[in-house]
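*Asks:* Mind looking at a prediction? Sequence and model below.
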Amino acid sequence: MSSDQAKRLNKYISDTGHCSRREADKLIEQKRVTINDKLPELGTKVAPGDKVKVDGKLIGAVAADKSDRIYIMYNKPVGITCTTERHVKGNIIDAIGHKERIFPIGRLDKPSEGLILLTSDGDIVNKILRAENAHDKEYDVTVNQPISGRFLQKMSRGVPILGTVTKPCQLESRGRDRFTIILTQGLNRQIRRMCEFLGYEVTKLKRTRIMHLTLGNLRPGQWRNLTEKELDLLNKAVQGSKKTAPEKTEK
């Protein structure tokens, strides 16, 4: 890293594969990070030759070609919590049991199930989480009462939640009380809040697709590495993504 390549501390930590930028900010705030054995502030830049430690352990850069980074898809069962905090019972890291350090891209809340990606590549996490990129995600949803045409229409046009109105989205009825929905944004517990606003309660929520990646035959609790083709398409899809967005994806 030359002098003109100094990185913000959270990005440096993220790029090493230690955790996402959001998690890195938490570590910095918790005073668990040092630069040259001194406590830094948020926004501090890492200069060439600086030694960065997390919890007293030196972390270094990984291969520039990302050949040593991990990319997996996991069919998260109900009851698993999408956190890297190992003291949380049922955390996703212990559930998967991967030998390398990985972290989830976005979240699925505890009562939800389905597709979630995990990686050791902090850079791709930041790119995928940018809401502006409009990367679509598909969900299969069951509610507690028969769905009406009015419900489908209002959901697809946008619903006021969390001080904003959700973006227009695609819905398709799959039966009396079941529908699929395709979102391009990731507000906190978005689908559940949208349904609640219209007087419905979600009884089952399963994410089946993220961009071109689908669950396929992956059973609940199973995970697999992304194929070269899947990873190539993923990298192409996020090529134009440079900035970080709030990490809010949780349905």
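*Replies:* Ah, there it is.
*Asks:* any idea how far the residue lying closest to residue 78 once chain neighbours are set aside lies from residue 34?
*Replies:* In space, and not counting its chain neighbours, residue 78 is closest to residue 113: 4.9 Å by C-beta to C-beta, 6 or more residues apart in numbering. From N, CA and C alone the C-beta is placed, and that goes for glycine too. Here the criterion is C-beta to C-beta, to the nearest Å. By it, residue 113 lies 39 Å from residue 34.
*Asks:* next one: residue 219
*Replies:* Counting by C-beta to C-beta, the gap between residue 219 and residue 34 amounts to 43 Å.
*Asks:* Have a look at those two and say which one is more surrounded.
*Replies:* residue 34 (17 against 8; other C-beta atoms under 10 Å).
*Asks:* Can you spell out which residues form a bridge with the more buried one?
*Replies:* On the basis of DSSP bridges, residue 34 is bridged to residue 53.
*Asks:* Just to check, it is in contact with residue 52?
*Replies:* Yes - in this structure residue 34 lies within contact range of residue 52 using C-beta atoms under 8 Å: 7.3 Å.
*Asks:* Give me the neighbour count for residue 52.
*Replies:* Residue 52, neighbours per other C-beta under 10 Å, totals 20.
*Asks:* quick one: contacts for it?
*Replies:* By C-beta atoms under 8 Å, 6 or more residues apart in numbering, residue 52 lies in contact with 9, 12, 13, 33, 34, 35, 46, 58, 59.
*Asks:* ok, so of those residues, who is nearest residue 82?
*Replies:* residue 13 (19.5 Å; C-beta to C-beta).
*Asks:* what's the distance between residue 155 and residue 128?
*Replies:* Where residue 128 is concerned, residue 155 sits at a distance of 24 Å (C-beta to C-beta).
*Asks:* what does residue 40 give?
*Replies:* Remark: distance between residue 40 and residue 128 (C-beta to C-beta) = 27 Å.
*Asks:* Between the two, which is the more surrounded one?
*Replies:* Between residue 40 and residue 128, counted using other C-beta under 10 Å, residue 128 has the larger neighbour count: 22 against 17.
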